[in-house]
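Peer 1: what's the 3D shape of this:
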Amino acid sequence: MLKQTPLNAVHRAAGARMVDFGGWDMPVHYGSQIDEHHAVRRDAGMFDVSHMRAVDLSGAGAREFLRYALANNVDKLKDSGRALYSCLLRPDGGVLDDLIVYFLREDFFRIVVNAGTTDKDVAWFRRLLGERAPRLTLSPRDDLAMIAVQGPHARAKVWAALPGSDAATAEMKPFFGREVDTGAGPAFVARTGYTGEDGFEVMVPAARAEATWNALVAAGVRPCGLGARDTLRLEAGMNLYGQDMDESTSPLAAGLAWTVDLASPRDFVGKAALVAHPPARRLTGLLLQDAGGVLRAHQKVGTAHGDGEVTSGTFSPTLGKSIALASLPTEVAAGDVVHVAVRDKRLAARVVKPPFVRNGKVLVS
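Peer 2: Got it, this is the predicted structure:
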């Protein structure tokens with residue numbers, strides 16, 4: 001049996017095409033993936049991301065524990081509500097997950113983890129807690145649903161749909177979150193997302209998910225499926241766990257060095273392995289130059305410095321060209337031309353630095 005989010009019946013009533021996504025019954029589109037993609041870039045669209053899991057960490061010493069458990073440094077979180085993107089690593093430096101952690105109080109942090117890694121992440125955190133901080137409490141929030149509203153008009157439409165949210169979030173900076181009283185009850189609203197556009201991710205009790213979704217529809221927000229979410233995140237140069245990195249991948253090789261704090265003297269899980277093993281490859285962008293194919297995951301890439309591989313690829317609706325993220329030898333530089341094996345062809349692609357698109361603007365030519 002596939003797992004279902006609290007919005008499953010809403011998706012089916014709207015005629016969504018449903019697919020198995022990591023054991024969850026999820027909408028891939030509601031008719032036109034391309035139109036949904038453009039809605040987010042040009043106006044406002046929303047995604048059911050309730051399959052992702054909020055996990056609350058509470059108790060004295062929570063910051064000290066996360067200082068060791070995460071590759072990024074939670075000491076950067078000084079203001080209540082501030083969020084931090086980080087990798088959760090194995091001792092050998094492999095990526096268990098990429099996640100967001102919110103600092104709410106010194107004794108209370110909220111962590112949002114990926115759907116497919118939830119059980120693994122919770123088990124890993126519990127193991128570390130047992131070793132280092134057994135008095136802390138870890139609480140997976142199965143009672144919450146999450147809706148991501150993204151696009152240049154997303155915030156204004158959230159404010160229209162959730163009374164009171166405008167006053168509480170109008171001055172909110174990116175990568176902040178706070179609890180908001182919407183009149184119908186509390187919601188945790190964060191200015192974060194996975195599309196390269198502005199917007200909010202809204203967490204509400206599962207029992208209020210359908211009413212919240214319908215209020216957003218009434219405010220003019222277009223429902224979007226996983227298909228558009230993937231093309232949007234790839235245009236934004238954002239990694240997908242299990243595809244662009246996994247437990248066998250170092251974050252330094254996955255384009256995530258910026259999320260790893262090696263400068264501070266603190267120790268963290270995986271640090272020694274990262275220092276001892278500099279990567280031979282790194283994740284970068286490809287823009288297809290030749291016609292005759294689309295870049296897809298697992299295609300081989302030939303370079304002057306050895307072979308690489310496409311990790312994620314798609315046709316970009318915004319650029320009108322095929323784009324990809326690819327793991328290539330570290331000697332390959334932006335501007336180099338490489339060749340991708342697409343069926344029986346070798347197609348030329350130019351190496352570019354992601355993102356391809358951000359805030360509606362094309363950043364590569």
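
Peer 1: tell me which residues of the longest helix anywhere in the chain are tucked away?
Peer 2: Longest helix of the chain, by residue count under DSSP state H: helix 118-132. Within helix 118-132, the residues scored as buried using 16 or more other CB atoms under 10 Å are 118, 121-122, 124-125, 128-129. Every residue, glycine included, has its C-beta placed from N, CA and C.

Peer 1: so can I have TSV of those showing pLDDT?
Peer 2: Listed next are the buried residues of helix 118-132 as TSV, based on pLDDT from 0 to 100:
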residue	pLDDT
118	96
121	98
122	98
124	98
125	98
128	98
129	98
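
Peer 1: got JSON lines for those residues, with distance to residue 192 too?
Peer 2: Listed next are the buried residues of helix 118-132 as JSON lines, based on distance: CB to CB, whole Å:
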{"residue": "118", "distance to residue 192": "18"}
{"residue": "121", "distance to residue 192": "18"}
{"residue": "122", "distance to residue 192": "21"}
{"residue": "124", "distance to residue 192": "23"}
{"residue": "125", "distance to residue 192": "21"}
{"residue": "128", "distance to residue 192": "25"}
{"residue": "129", "distance to residue 192": "25"}
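
Peer 1: next SSE after the longest helix of the chain?
Peer 2: Using DSSP states H and E, the helix or strand that follows helix 118-132 towards the C-terminus is strand 137-140.

Peer 1: re the thing from before, kindly indicate which of the buried residues of helix 118-132 lies nearest residue 174.
Peer 2: Comparing the buried residues of helix 118-132 against residue 174 with CB to CB places residue 121 closest, at 24.2 Å.

Peer 1: Report the contact partners of that closest one.
Peer 2: 55, 88, 96-97, 99, 113-114 (CB atoms under 8 Å, 6 or more residues apart in numbering).

Peer 1: Looking at the residues you listed, which is nearest residue 296?
Peer 2: Nearest to residue 296 among those: residue 114, at 21.7 Å, using CB to CB.

Peer 1: From residue 67, how far off is the residue nearest to residue 69 when sequence neighbours are not counted?
Peer 2: Leaving aside its chain neighbours, residue 69 sits nearest to residue 128 (5.4 Å; criterion: CB to CB, 6 or more residues apart in numbering). Residue 128 sits 12 Å away from residue 67, going by CB to CB, to the nearest Å.

Peer 1: ok, now residue 42?
Peer 2: Applying CB to CB, the value for residue 42 to residue 67 is 41 Å.

Peer 1: neighbour count winner among these two?
Peer 2: residue 67 (18 against 14; other CB atoms under 10 Å).

Peer 1: which other residues reach the host helix or strand of that one?
Peer 2: Taking DSSP H and E as the criterion, residue 67 maps to helix 62-69. Residues outside helix 62-69 that contact it (CB under 8 Å, 6+ apart) are 57, 73-75, 77, 88, 101, 103, 106-109, 125, 128-129, 132-133, 136, 266-269.
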